[in-house]
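Give me the fold of what follows.
(chains A, B and C)
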Amino acid sequence: MDDQKKLSFFEKVYILVRMIPEGKVASYGQIAAYLGHPRAARTVGWALHGIPEGSDVPWQRVINNKGRITISNVEYSASLQRDLLEEEGIVFGEDDRVDLRVYRWDGPDWVELESMLRGCL
DNA sequence: ACAATGACATAAG
DNA sequence: GCTTATGCCATTG
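Numbers count the residues shown, from 1 in each chain, chains lettered A, B, ... in the order given. From the prediction side, this is the model:
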C-alpha cells in the first residue's frame, strides 16, 4: 500500500470512470468518494475536462448528483452526452434528468480497482 | 507558497 | 424548481 501512491487524482478518476458499466451513471461526488475524497467532486469534473478525444474513458456516464448534465465544455456538449447515454439505454425524464434510483452505479469492485491501480503503474 | 481555476454539492432566498 | 452564494479540493501558473 505504499507503492501506488504516485498516481495523481486525475489518473485515479480515469481508472474509476473506465469501470462504470454500460447503462449506468455515476455522480462526480460519487467518484470522488470512492477515491477517498468525498468532497473533491469539483476536482473530478476538472479531471474529466482534460480527457483527450478517443480516450477509452466513458466520460458521458459521469453526471451531477441530481441526475442532470452540468457541462460547460465546447468540445463535448451536453447534447452529445445525452445522446450517448440514450444510446446505452438510459432514459431521460422531462426535466432532462435520469432516474438515479435506477441508473446509479453501485460502485466499483474493490478487488478489480486495486488490480487496475497496480496494472496502470 | 499563494491565487486562480473548474464538467460539483449543498443550503438559502 | 430555479438562481445565487458559499464551501471543497486537486491541479496549474
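
Can you get me a residue count around the spatially closest residue to A:Ser77 that is not a sequence neighbour?
Leaving aside its sequence neighbours, A:Ser77 sits nearest to A:Ile71 (CB to CB, 6 or more residues apart in numbering; 6.9 Å). From N, CA and C alone the C-beta is placed, and that goes for glycine too. Burial measure for A:Ile71: 21 neighbouring residues, criterion other CB atoms under 10 Å.

so A:Ile71 sits in a strand?
No. The assignment for A:Ile71 (DSSP: H, G, I helix; E, B strand; the rest coil) gives coil, which keeps it out of a strand.

how close does it get to DNA strand C?
15 Å (CB to the nearest atom of the strand, to the nearest Å).

Identify the residues contacting that residue.
By CB atoms under 8 Å, 6 or more residues apart in numbering, the contact set of A:Ile71 is A:Ser77, A:Ala78, A:Gln81.

Which elements pack onto the worst-scoring helix or strand of chain A on mean pLDDT?
Lowest mean confidence among the helices and strands of chain A (mean pLDDT, DSSP states H and E): helix A:110-120, at a mean of 89. For helix A:110-120, the contact count by 3 or more CB pairs under 8 Å, 6 or more residues apart in numbering; DSSP states H and E identifies helix A:9-18 as packing neighbours.

Give me the distance between the residue nearest to A:Pro58 when sequence neighbours are not counted and DNA strand C.
Nearest non-adjacent residue to A:Pro58, counting by CB to CB, 6+ apart: A:Ile20, 5.8 Å away. Distance of A:Ile20 to DNA strand C, given as CB to the nearest atom of the strand: 20 Å.

you'd agree A:Ile20 is up against A:Ser27?
No. Judged on CB atoms under 8 Å, A:Ile20 makes no contact with A:Ser27 at a distance of 11.1 Å.

No further questions, thank you.
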